[in-house]
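Engineer: Provided below for reference: sequence and predicted model.
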Protein chains: 2
Amino acid sequence: MTLRHSSLVNGSFEHAVSVFDRGFFYGDGVFRTMQVRNGLPVNWPFHYQKLVADCAAIGIVCPSAELLIHDLSILFPIHELDEQTAWVAKIIVTRGEGARGYAPPAVTVPTRVLIKSPMPVYAKMHYTEGVRIHVCETTLARQPKLAGIKHLNRLENVLARMEWRDESIFDGLLLDDQGNVIECTMSNLFARFGQQLITPDLTQCGVAGITRQHILGLGKLLGLEVRVGQVALDKLLQADEVLICNSLFGVFQVTGMADIVWDRQALASKIRKLITHD
Amino acid sequence: MTLRHSSLVNGSFEHAVSVFDRGFFYGDGVFRTMQVRNGLPVNWPFHYQKLVADCAAIGIVCPSAELLIHDLSILFPIHELDEQTAWVAKIIVTRGEGARGYAPPAVTVPTRVLIKSPMPVYAKMHYTEGVRIHVCETTLARQPKLAGIKHLNRLENVLARMEWRDESIFDGLLLDDQGNVIECTMSNLFARFGQQLITPDLTQCGVAGITRQHILGLGKLLGLEVRVGQVALDKLLQADEVLICNSLFGVFQVTGMADIVWDRQALASKIRKLITHD
């Protein structure tokens, strides 16, 4: 795989976008990250639905599913892949090119970018022993107009991720400015209190991922009440189990956070079996 | 001027950046916008000082002044320009390229982009009669780690600017989520109450522009106490005069905002004479 063949811009083999693209000027766009197995983007309908919703939330007309699937078929040709190989597809959709100035042009043509990356290799220990997370000093600002959207304004995540270099730390916990737990830098979070599995409310900040959405529908199968709620940091420390999730690793249990240790339990692997095709 | 010659990327005539640039992925960078007159960037020392400070605030090593001045000399050759022609230079500095993921690579090489655009033509009426502004429904989120910095995460400004299309409206007033006046989408704001000229505090949100900084130092020359303070929207309505400023137009008086009308006064043109070289 050469760099030249690892990305498409508007359907062509390119690895560059215009400096006048509003995605570059202002982070004026959205993105998705998904697994591709055997040439097929895992959970595509949910990813596309979320991409359309995120585009709509900031007034971008999302490219059609047909166009994006065509792009995927070019960059992930089935005949080149074997069933053992997983890739990551990142789709970026921006408002398109514009002149200097915040006002979008009267007519904009969205830019679509597809990037192919190797699937991260997760340590076996993360599955068997769980993961450790860092409590970030960087907090998330409350912006209801952008909350939940996976947009390209991600400096908060970058600054939070720069807080640690210890490779034994898997992700960083993000709070809002009032001490409520929101998510981690690259994952959503669930906390179990007895029979209740709660994921933080994301109407003020955070990114509402599709794996979180998936898990929110699993209540009956898990024998738990799974719901959205407020989780202060103090409350999180009292949780029976803490889980994090995203589209690449699925679900991991959090077993360490600062001085706190949680016993290894079965929920993470149970959910992982329900939501993945492994 | 062709598109090909209107931008430099890392000192070369290019109009594209890598799709792997963190500026494109995450808005992980900062920018400046300035006038260029007769080949010279106006107020360059202040712009460069601010660029260095903004880079440092998010952990980017700013390219040297020598490099940036070299870029400017290529895109704005003195012999091609006459004294009547003004251009706009936009300098973007990002953290550079990276793989997928929020963690920056161990070694990053910042990307620098220089873009040449025509100077906007401001209506003569803006100088003689002042300008009208819209009160934006979009509010600014409070994020002390990013406040004041002219970074590339500008979706709030984009959404705010999309609120109006009426060409008689020059800019949009941005409040924080507590109803404090912060700035306009592309300018900073000052409000005069008697002998006090107050500009909003920008420690929680907003962009601290160099023209605002310049005006903050003019107190003695204006015979006013010029200072930073809190300005609630209710309080703004009681102001004797409201001014907005940026590096391109200098200073305009705001004479209309929703149903409010302010009488034309002399302060804007007085300050404009002090800070511009016209």
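Structural biologist: Alright, I've got the coordinates.
Engineer: Could you list which residues are in contact with the residue nearest to A:H126 when sequence neighbours are not counted?
Structural biologist: In space, and not counting its chain neighbours, A:H126 is closest to A:F252: 5.5 Å by Cβ to Cβ, 6 or more residues apart in numbering or on different chains. C-beta here means a position set from N, CA and C on the backbone, and glycine is covered the same way. By Cβ atoms under 8 Å, 6 or more residues apart in numbering or on different chains, the contact list for A:F252 reads A:H126, A:Y127, A:G130, A:V131, A:F170, A:L243, A:I244, A:C245, A:A268.
Engineer: Report the contact partners of the fifth one.
Structural biologist: Right, A:F170. Counting by Cβ under 8 Å, 6+ apart, A:F170 has contacts A:H126, A:V131, A:R132, A:I133, A:I244, A:F252.
Engineer: Look up how far chain B lies from the residue nearest to the third one when sequence neighbours are not counted.
Structural biologist: When you say that, I think you mean A:R132. Using Cβ to Cβ, 6+ apart and skipping residues adjacent in sequence, the residue nearest A:R132 is A:G256, 3.7 Å away. Look at A:G256 and chain B: by Cβ to the nearest Cβ, to the nearest Å, they are 19 Å apart.
Engineer: my read: A:G256 touches A:I133, true?
Structural biologist: Yes - assessed by Cβ atoms under 8 Å, A:G256 is found in contact with A:I133 at 7.3 Å.
Engineer: More neighbours: which of the two?
Structural biologist: Neighbour totals were compared for A:G256 and A:I133, and A:I133 leads with 25 against 18 (other Cβ atoms under 10 Å in any protein chain shown).
Engineer: so what pLDDT did that one get?
Structural biologist: We have a pLDDT of 98 for A:I133.
Engineer: ok, and what's touching the strand or helix carrying it?
Structural biologist: Secondary-structure element containing A:I133, defined by DSSP states H and E: strand A:131-135. Residues outside strand A:131-135 that contact it (Cβ under 8 Å, 6+ apart) are A:163-164, A:166, A:168-173, A:175, A:184, A:233, A:244, A:252-258.
Engineer: Which of these are buried? Put it as a ChimeraX command.
Structural biologist: Buried subset of the contacts of strand A:131-135, written as a ChimeraX selection, criterion 16 or more other Cβ atoms under 10 Å in any protein chain shown:
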select /A:170,171,172,173,175,184,244,252,253,254,255,256,257
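Engineer: So which of the contacts of strand A:131-135 sit within strands?
Structural biologist: A:169-173, A:175, A:184, A:244, A:252-257 (DSSP state E).
Engineer: Save those residues as JSON lines, and put in pLDDT and distance to A:A16 too.
Structural biologist: Listed next are the ones in strands among the contacts of strand A:131-135 as JSON lines, based on pLDDT from 0 to 100; distance: Cβ to Cβ, whole Å:
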{"residue": "A:I169", "pLDDT": "97", "distance to A:A16": "34"}
{"residue": "A:F170", "pLDDT": "98", "distance to A:A16": "32"}
{"residue": "A:D171", "pLDDT": "98", "distance to A:A16": "31"}
{"residue": "A:G172", "pLDDT": "98", "distance to A:A16": "31"}
{"residue": "A:L173", "pLDDT": "98", "distance to A:A16": "35"}
{"residue": "A:L175", "pLDDT": "98", "distance to A:A16": "37"}
{"residue": "A:C184", "pLDDT": "98", "distance to A:A16": "31"}
{"residue": "A:I244", "pLDDT": "98", "distance to A:A16": "34"}
{"residue": "A:F252", "pLDDT": "98", "distance to A:A16": "35"}
{"residue": "A:Q253", "pLDDT": "98", "distance to A:A16": "41"}
{"residue": "A:V254", "pLDDT": "98", "distance to A:A16": "39"}
{"residue": "A:T255", "pLDDT": "97", "distance to A:A16": "42"}
{"residue": "A:G256", "pLDDT": "97", "distance to A:A16": "41"}
{"residue": "A:M257", "pLDDT": "97", "distance to A:A16": "40"}
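Engineer: Okay, helices next: where are they in chain A?
Structural biologist: A:22-26, A:44-57, A:65-75, A:124-128, A:155-161, A:210-216, A:219-222, A:233-236, A:267-275 (DSSP state H).
Engineer: Now do the fourth one: which elements does it pack against?
Structural biologist: I take that to be helix A:124-128. Helices and strands touching helix A:124-128, by 3 or more Cβ pairs under 8 Å, 6 or more residues apart in numbering or on different chains; DSSP states H and E: there are none.
Engineer: And that helix, what's buried?
Structural biologist: Neighbour-count burial for helix A:124-128 flags A:H126, A:Y127 (criterion: 16+ other Cβ under 10 Å).
Engineer: Verify the stated contact: A:Y127 with A:S269.
Structural biologist: Yes - counting by Cβ under 8 Å, A:Y127 touches A:S269, with 7.2 Å between them.
Engineer: Not counting sequence-adjacent ones, nearest residue to A:L237?
Structural biologist: The shortest distance from A:L237 to any non-neighbouring residue, by Cβ to Cβ, 6+ apart, is to A:I260 (6.0 Å).
Engineer: From chain B, how far off is that neighbour?
Structural biologist: Counting by Cβ to the nearest Cβ, the gap from A:I260 to chain B is 23 Å.
Engineer: Report the contact partners of the closest residue to A:R112 other than its chain neighbours.
Structural biologist: Leaving aside its sequence neighbours, A:R112 sits nearest to A:P63 (Cβ to Cβ, 6+ apart; 4.9 Å). By Cβ under 8 Å, 6+ apart, A:P63 lies in contact with A:V93, A:P110, A:R112.
Engineer: what does the model give A:M1 for pLDDT?
Structural biologist: 38.
Engineer: A:R37 too?
Structural biologist: 89.
Engineer: Now do the same contact list for A:A141.
Structural biologist: Contact partners of A:A141, counting by Cβ under 8 Å, 6+ apart, are A:E156, A:D176, A:D177, A:C205, B:A141, B:R142, B:Q143, B:L146, B:C205.
Engineer: Run a quick neighbour tally on the first one.
Structural biologist: Right, the one you point to is A:E156. Neighbours of A:E156 using other Cβ under 10 Å come to 23.
Engineer: these two touch, right, it and A:T138?
Structural biologist: Yes - assessed by Cβ under 8 Å, A:E156 is found in contact with A:T138 at 6.1 Å.
Engineer: any common contacting residues for the two?
Structural biologist: Shared contacts of A:E156 and A:T138, defined by Cβ under 8 Å, 6+ apart, are found at A:L174, B:K145.
Engineer: and stretch A:36-50, anywhere near chain B?
Structural biologist: No - Stretch A:36-50 does not reach chain B (Cβ under 8 Å from any Cβ of the partner chain); its nearest approach is 13.2 Å.
Engineer: Please read the previous query as pertaining to stretch A:100-110.
Structural biologist: Yes - with Cβ under 8 Å from any Cβ as the criterion, chain B is reached by stretch A:100-110 at A:R100, A:G101, A:Y102, A:A103, A:P104.
Engineer: related to what we said a few turns ago, how many other residues sit next to the residue nearest to A:L237?
Structural biologist: Counted with other Cβ under 10 Å, the neighbours of A:I260 add up to 15.
Engineer: Provide the partner residues of it in its beta bridges.
Structural biologist: Here A:I260 sits in beta bridges with A:M257, going by DSSP bridges.
Engineer: Look up how far A:V30 lies from it.
Structural biologist: 34 Å (Cβ to Cβ, to the nearest Å).
Engineer: Contact residues of the stretch 1-150 of chain A facing chain B?
Structural biologist: A:7, A:9, A:14-28, A:31, A:33, A:58-59, A:88, A:90, A:92, A:95, A:99-104, A:113, A:115, A:117, A:138, A:141-143, A:145-146.
Engineer: and the residues you listed, which are buried?
Structural biologist: Buried positions within these, assessed by neighbour count (16+ other Cβ under 10 Å), are A:7, A:9, A:15-28, A:31, A:33, A:58, A:88, A:90, A:92, A:95, A:101-102, A:104, A:113, A:115, A:117, A:138, A:141-143, A:146.
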